[in-house]
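[1] Sequence unavailable; structure follows:
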């Protein structure tokens with residue numbers, strides 16, 4: 001990390017929390033992205049809110065990128081965010097590395113019955129013990145992964 005940007009992090013975190021609360025209070029649903037995305041198909045009238053949520057999520061990020069052109073690592077004055085490259089020592093091409101990471105993440109969210117947004121934002125806010133365990137595992141694996149791959 002090049003610089004600490006507490007204000008954008010605070011604003012972003014508050015908006016994520018607000019959006020999660022609005023969805024839970026207004027629709028009775030948890031804002032876990034893997035669960036929302038995983039139940040979009042087959043398309044039914046019950047899936048409409050999921051599609052609207054996902055489209056708004058994408059448009060919100062796109063809108064933020066246009067409204068604050070330099071938004072990226074380190075806040076508005078930081079460098080633009082880029083995709084990470086696969087570690088050279090693996091000999092694995094970056095697209096294969098990213099596809100494998102995405103596949104493993106999808107399998108993990110299915111096994112863990114949720115993802116970081118569902119457990120970390122919504123589950124912890126509801127004082128769920130299962131979510132606390134999941135978040136501890138997420139962070140533990142992330143720390144080990146960064147230590148092993150030396151990406152950061």
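    On my side now, so go ahead. Since we're looking at a predicted model, the values are computed, not measured.

[2] just checking, next helix/strand downstream of the least confident helix or strand in the chain by mean pLDDT?
    The weakest-scoring helix or strand in the chain, judged by mean pLDDT, DSSP states H and E, is helix 116 (a mean of 80). The helix or strand immediately downstream of helix 116 is helix 124-125, counting by DSSP states H and E.

[3] Could you check how far whatever helix or strand comes next after that next one is from the centre of its chain?
    Next helix or strand after helix 124-125 toward the C-terminus (DSSP H and E): helix 129-149. Chain-centre distance of helix 129-149: 14 Å, with C-alpha atoms, centre = their mean, to the nearest Å.

[4] Quick check: mean pLDDT of helix 129-149?
    The average of the pLDDT scores along helix 129-149 is 88.

[5] repeat for stretch 43-56
    Throughout stretch 43-56, pLDDT has a mean value of 85.

[6] need the helices for the protein, in chain order.
    Taking DSSP state H as the criterion, the chain carries its helices at 6-27, 33-38, 48-67, 94-111, 116, 124-125, 129-149.

[7] Report the mean confidence score over the second one.
    Model confidence over helix 33-38 averages 83 on the pLDDT scale.

[8] Show residues contacting that helix.
    29, 50, 53-54, 57, 106, 109-110, 114-115, 117-118 (C-beta atoms under 8 Å, 6 or more residues apart in numbering). Glycine gets a C-beta too; all of them are placed from N, C-alpha and C.

[9] circling back to that earlier point, need the helices of the chain in TSV (columns: distance to residue 84).
    Converted to TSV, these look like this (distance: least, C-beta to C-beta, whole Å):
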stretch	distance to residue 84
helix 6-27	20
helix 33-38	20
helix 48-67	18
helix 94-111	8
helix 116	17
helix 124-125	27
helix 129-149	9
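
[10] In a markdown table, list the ones you listed along with mean neighbour count.
    Shown next, in a markdown table, are those (neighbours: other C-beta atoms under 10 Å):
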| stretch | mean neighbour count |
| --- | --- |
| helix 6-27 | 12 |
| helix 33-38 | 18 |
| helix 48-67 | 12 |
| helix 94-111 | 13 |
| helix 116 | 19 |
| helix 124-125 | 14 |
| helix 129-149 | 13 |
